[in-house]
Each structure stands twice: as C-alpha cells, then as structure tokens.
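*Asks:* Got a sequence here, can you model it:
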Amino acid sequence: MNIAIIGCGKMGRIVERAARERGHRVSVVVDPFITGSEVPAGTLLRKTVEEAENLHEADVAIEFSQPGAAADNIKALAKRRIPAVSGTTGWYGRMDEVKEAVNAAGSSLLWAANFSLGVNIFYRIAFNAAALMDPFDEYDAGGFEAHHNKKADSPSGTAKTLAEGIIKRMERKKKPVYETLDRPPLPGEFHFPSLRVGSLPGTHALVFDSPADTIEIRHTARSREGFASGALVAAQWLVKCPGPGQAAGGARRGVFTMDDVLDELGVKSTK
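*Replies:* Sure, this is the predicted structure:
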C-alpha cells in the first residue's frame with residue numbers, strides 16, 4: 001500500500017515505522033508540528049491535509065491526530081476521496097456530520113477507538129460474558145480503565161465502546177457512569193472510572209462480582225505496537241489489499257469499524 005500518515009505524534013510515528021517494516025510505502029506525512037528532519041528522506045511533509053498536493057497517490061490515509069482536528073481531517077480526506085483509517089478519539093460528538101461527508105463524497109472511513117486486534121477480540125469476549133451474566137442478579141457489573149498521564153481524553157474511547165456494549169447486552173444495566181462517585185452507584189448504573197498515571201499504555205477491565213466470588217476479564221497493552229499492527233490490518237481491509245508490499249484492489253465505500261473487519265475474519269460476536 002501507499003500510505004499517507006495524518007498526525008505524526010507517538011502513534012503516527014509507530015504506524016509509520018511499522019508500515020515501512022512491513023513493506024508498505026509512506027509517501028506523505030501531514031502534521032503541523034514536526035520538521036523535515038523528523039521524517040525519513042524522500043517523504044513529503046505537509047502541515048495540513050489541504051496542502052498535501054500528492055495525496056491522490058495514496059491508497060489510504062491513517063489518521064492519529066488530536067480530538068480537535070480529527071473530524072476536519074477526515075472530512076478533508078473524504079472531499080479528496082482518500083480512504084481514511086482513524087484511531088483518534090474524543091471527536092465522536094461530530095460523528096454524524098463526518099459520516100454524512102464521507103457518504104456524500106463517495107469515500108470511505110474505518111474508525112475505531114482502539115485498533116489493537118487483542119482489544120477488539122476482548123470486546124467480543126466481554127460482550128458475550130455480559131449477555132451470559134445478565135440473568136444472574138447476584139453478580140453486579142462494573143469496571144475501570146487506566147492510561148498514561150499524557151492521554152488527552154478521559155474516559156478513553158475504548159472504555160466508552162466497552163461500557164456502551166455492556167449496557168446494550170445487560171437489561172439490568174441502563175447507564176454508564178464514568179466519573180468518580182461520592183455515593184453508592186444505583187442498581188442500573190454501570191460504573192467505569194478512569195485512572196491517569198505514569199506511562200501506562202492502556203488497561204481495561206470488566207468485573208462481575210457476587211457475595212461468593214468475582215469474575216474479571218482484563219486486557220493490558222504492553223506497548224503501542226499492537227495498535228499500529230491493527231491499524232495496518234484495517235487499512236489493508238479497507239482498500240482490499242491482499243498483503244504488505246502488494247497493490248490495493250480498490251477501496252470499499254462507506255463508514256466501517258473494526259467489527260466489520262472481525263466479522264469478515266470469522267470472529268463470532270453476540271449482537
């Protein structure tokens with residue numbers, strides 16, 4: 001694949017390196033804050049999507065920017081009909097307008113709060129567990145997430161996806177509550193607080209607790225490499241690329257998530 005990197009912070013740099021290691025080409029990097037010395041020789045550097053005149057050569061753009069920039073980046077890519085894979089979180093309040101822009105342009109977007117294949121399989125394990133546990137009132141349900149102290153949003157997008165999926169599958173849980181409580185949670189509340197400390201790359205846990213025992217399902221990321229690997233798998237799926245170093249076969253059109261990728265890979269889920 002020929003890839004454009006939109007946002008070259010920590011995640012963007014890991015994606016850029018992983019793409020090259022897997023035999024893909026990174027032809028352009030778009031980031032307003034880095035200099036030419038920070039990207040490999042031969043890579044075009046531009047400050048904004050609008051300035052990147054050779055984006056039409058890219059099979060796909062992988063976007064890891066900032067919450068305040070992501071929606072506009074995706075809309076600008078859609079206008080130029082560049083398929084986009086976005087791992088930025090914190091912009092989902094603008095999801096409807098982004099979807100409208102992507103569909104109106106006949107372009108494509110694959111978005112996820114977390115591209116780690118492990119996390120996305122963890123979602124499905126957790127959702128299946130929630131459906132199984134729902135009839136047993138003696139088991140209360142809750143959880144927590146922890147990340148590094150530089151993370152821009154709280155709760156994490158992964159936490160929201162997890163909590164909302166649990167609510168969908170448990171009739172006795174009606175509302176996710178992410179903030180610290182100074183009272184006992186109500187029976188219908190699903191409490192899922194956040195911790196920000198040090199350099200933790202990310203931990204998410206789902207807990208079912210009864211007077212007799214506790215069941216805990218947890219995913220802990222050891223590094224950000226899994227996020228980059230999953231983003232590249234998603235990009236290959238979006239543009240129908242059979243493998244690293246091979247040409248794209250034409251992009252799918254529309255708005256997708258990692259659920260679509262896993263469904264095609266045959267990973268079963270509880271709807």
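
*Asks:* contacts and neighbour counts: CA atoms only from here.
*Replies:* Fine.

*Asks:* quick one: the residue lying closest to residue 225 once chain neighbours are set aside from residue 26, how far?
*Replies:* Computed as CA to CA, 6 or more residues apart in numbering, the closest residue to residue 225 that is not its neighbour in sequence is residue 14, at 6.9 Å. Here the distance between residue 14 and residue 26 works out to 12 Å (CA to CA, to the nearest Å).

*Asks:* and residue 246, what is it in contact with?
*Replies:* 1, 24 (CA atoms under 8 Å, 6 or more residues apart in numbering).

*Asks:* Model confidence for it, exactly?
*Replies:* Among the per-residue scores, residue 246 shows a pLDDT of 70.

*Asks:* ok so it is a helix residue?
*Replies:* No. Counting by DSSP: H, G, I helix; E, B strand; the rest coil, residue 246 is not part of a helix but coil.

*Asks:* Point out where the stretch 51-200 of the chain drops to low pLDDT.
*Replies:* The stretch 51-200 of the chain contains no residues with pLDDT under 70.

*Asks:* Give the buried residues for the helix or strand that the residue nearest to residue 225 is a member of.
*Replies:* Assigned by DSSP states H and E, residue 14 belongs to helix 10-21. Going by neighbour count (16 or more other CA atoms under 10 Å), the buried part of helix 10-21 is 11, 12, 13, 14, 15, 16, 17, 18, 19.

*Asks:* again, but for stretch 126-138
*Replies:* When neighbours are counted by 16+ other CA under 10 Å, the buried residues of stretch 126-138 are found to be 126, 127, 128, 129, 130, 131, 133, 134.

*Asks:* Which parts of the stretch 151-271 of the chain are strands?
*Replies:* Using DSSP state E, counting those that start in this stretch, the strands of the stretch 151-271 of the chain run over residues 175-177, 189-191, 194-196, 203-209, 214-220, 254-257.

*Asks:* could you dump the helix holding residue 14 to CSV, C-alpha only?
*Replies:* Presented in CSV, the C-alpha positions along helix 10-21 are these (Å, rounded to 0.1, in the frame of the first residue of the first chain):
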residue,chain,number,x,y,z
LYS,A,10,3.7,8.9,19.2
MET,A,11,1.1,6.7,17.4
GLY,A,12,1.7,8.2,14.0
ARG,A,13,5.4,7.5,14.2
ILE,A,14,4.9,3.9,15.3
VAL,A,15,2.4,3.4,12.5
GLU,A,16,4.9,4.9,10.0
ARG,A,17,7.7,2.7,11.2
ALA,A,18,5.6,-0.4,11.2
ALA,A,19,4.3,0.3,7.7
ARG,A,20,7.8,0.5,6.3
GLU,A,21,8.9,-2.6,8.1
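
*Asks:* how far is it from where the chain is centred?
*Replies:* 15 Å (CA atoms, centre = their mean, to the nearest Å).

*Asks:* Just after it, pick out the following helix or strand.
*Replies:* Where DSSP H and E defines the elements, the next helix or strand beyond helix 10-21 is strand 25-30.

*Asks:* Parallel or antiparallel, list what pairs with that next one.
*Replies:* For strand 25-30, sheet partners with direction are given as strand 2-6 (parallel), strand 44-46 (parallel), following DSSP bridges.

*Asks:* Report the angle between that strand and helix 10-21.
*Replies:* 160 degrees (axes from the mean of the first three to the mean of the last three CA atoms, to 10 degrees).

*Asks:* Nearest to residue 196, out of the strands paired with strand 25-30?
*Replies:* Taking CA to CA, strand 2-6 is the member of the strands paired with strand 25-30 nearest to residue 196, at 25.7 Å.

*Asks:* Pull the distance from that closest one to the chain's centre.
*Replies:* With CA atoms, centre = their mean as the basis, strand 2-6 stands 17 Å off its chain's centre.

*Asks:* Can you give the contact residues for it?
*Replies:* Here strand 2-6 makes contact (CA under 8 Å, 6+ apart) with 12, 16, 24-31, 49, 55, 57-65, 73.
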